[in-house]
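**Student:** Sequence plus predicted model, see below.
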Amino acid sequence: MAGRTLSSVQRAASALPIRPRRLRRTPALRAMVRETQLAADDLIYPLFVAHGQGVERPIASMPGVAQLSVERAARTATAAAELGIPAVLLFGIPAAKDPVGLENFAAGGIVQQAVAAIKQAVPEMVVITDVCLCEYTDHGHCGLLNQGAPGQGSGARPHAHLEEGYVLNDETLAVLGEVALSHVRAGADIVAPSGMIDGMVAALRATLDAHDFSHIPIMSYAVKYASGFYGPFRDAAEGAPKFGDRKTHQMDPANAREALREAALDVQEGADFLMVKPALAYLDVIHRLRTAYPE
């Protein structure tokens with residue numbers, strides 16, 4: 001009886017027209033039909049660039065990563081290109097900080113120097129630059145603040161109805177446009193606004209287009225959550241806020257539907273790339289955005 005039952009099962013199995021295991025039989029077959037692949041040419045190499053010569057300053061909270069001087073950053077970018085990595089993302093550590101972050105858009109700023117050096121060393125490398133103020137301001141926030149000059153009192157704030165230290169939105173946009181323009185003039189291929197300031201993509205697009213840089217793409221940090229995961233990065237870029245937090249402009253970690261709204265706004269404003277940060281904690285949000293924007 002058992003034999004006859006087995007035989008009938010075998011006969012039924014032999015009639016199976018579709019057998020998914022056929023495509024799993026060998027490593028080569030599995031590779032041919034693999035839906036998701038990760039290779040060196042999918043990567044972007046972050047570089048933290050500092051003033052000086054021969055600088056390689058290790059970052060304690062980010063083992064294996066260091067702040068590099070311009071010539072060492074160019075050397076690292078060359079090595080990355082040899083490994084097949086097509087792009088670098090630059091973050092600058094300025095020589096001095098101030099309330100506006102003037103070095104951020106200076107022609108001789110640290111990022112501008114690094115862009116030029118990398119493009120000279122490895123012209124095919126795609127150079128992306130971070131466009132934000134936090135590394136450059138003496139207060140460590142991502143925009144201009146609602147505060148008066150020292151000793152003037154609270155009545156000297158630009159907007160008396162807003163609290164002291166509030167990140168001013170529209171005033172910040174003008175500065176971000178100047179930063180992006182200076183990076184592109186230095187040779188940047190892509191600019192990446194990361195501050196979650198309302199209208200930042202539109203501001204960059206308008207500024208670049210007005211100066212004949214309509215061909216430059218914008219990689220928007222479209223969905224950036226207020227997260228404790230940024231601690232090591234803030235050490236690396238020396239961009240931690242001196243007071244308060246960034247919850248008035250970065251997203252609430254509890255919100256997923258809002259991510260679609262933020263992304264939609266950036267698409268409308270002209271974003272060419274959408275980024276979710278931090279990624280691993282928000283894979284569901286990445287899935288929602290990919291579903292909403294399959295292209």
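**Tutor:** On my side now, so go ahead. Numbers count the residues shown, from 1 in each chain.
**Student:** Against D130, how distant is E82?
**Tutor:** 24 Å (C-beta to C-beta, to the nearest Å). Quick note: C-beta positions are derived from backbone N, CA and C, even for glycine.
**Student:** So for these two, which sits in the more crowded spot?
**Tutor:** D130 (25 against 9; other C-beta atoms under 10 Å).
**Student:** Next one: that one from A95, what distance?
**Tutor:** 17 Å.
**Student:** what bits of the chain have low per-residue confidence?
**Tutor:** 1-6, 12-13, 148-156 (pLDDT under 70).
**Student:** which one's the longest helix in it?
**Tutor:** helix 169-186 (DSSP state H).
**Student:** Pull out the buried residues from that one.
**Tutor:** For helix 169-186, burial by neighbour count (16 or more other C-beta atoms under 10 Å) applies to 169, 171-173, 175-177, 179-184, 186.
**Student:** cool, stretch 105-123 as well?
**Tutor:** Residues 105-106, 109-119, 121-122 are the ones in stretch 105-123 that count as buried (16+ other C-beta under 10 Å).
**Student:** ok, which stretches of the stretch 51-200 of the chain are helices?
**Tutor:** 70-82, 110-121, 169-186, 200-210 (DSSP state H, counting those that start in this stretch).
**Student:** Looking at these, which is nearest to T137?
**Tutor:** helix 169-186 (9.9 Å; C-beta to C-beta).
**Student:** From the chain's centroid, how far away is that closest one?
**Tutor:** The chain centroid and the centroid of helix 169-186 are separated by 16 Å under C-alpha atoms, centre = their mean, to the nearest Å.
**Student:** Can you tell me what sits against that helix?
**Tutor:** 100-101, 104-107, 109, 111-113, 115-116, 129, 131-133, 142-144, 158, 191, 193, 195, 197-200, 203-204, 206-208, 211, 213, 216, 249 (C-beta atoms under 8 Å, 6 or more residues apart in numbering).
**Student:** tell me the contacts of the closest residue in space to D138 that isn't next to it in sequence?
**Tutor:** In this structure, D138 finds its nearest non-sequential neighbour in K97, 4.2 Å apart by C-beta to C-beta, 6 or more residues apart in numbering. Residues in contact with K97 (C-beta under 8 Å, 6+ apart) are 136-138.
**Student:** Which strand or helix spans Q268?
**Tutor:** helix 257-269 (DSSP states H and E).
**Student:** Mind giving me the packing neighbours of the very next helix or strand once past that helix?
**Tutor:** Downstream of helix 257-269, the next assigned helix or strand under DSSP H and E is strand 273-277. In terms of contacts (3 or more C-beta pairs under 8 Å, 6 or more residues apart in numbering; DSSP states H and E), strand 273-277 is packed against strand 190-193, strand 219-224, helix 257-269, helix 283-292.
**Student:** what about 6 Å?
**Tutor:** Under the contact criterion of 3 or more C-beta pairs under 6 Å, 6 or more residues apart in numbering; DSSP states H and E, strand 273-277 touches strand 219-224.
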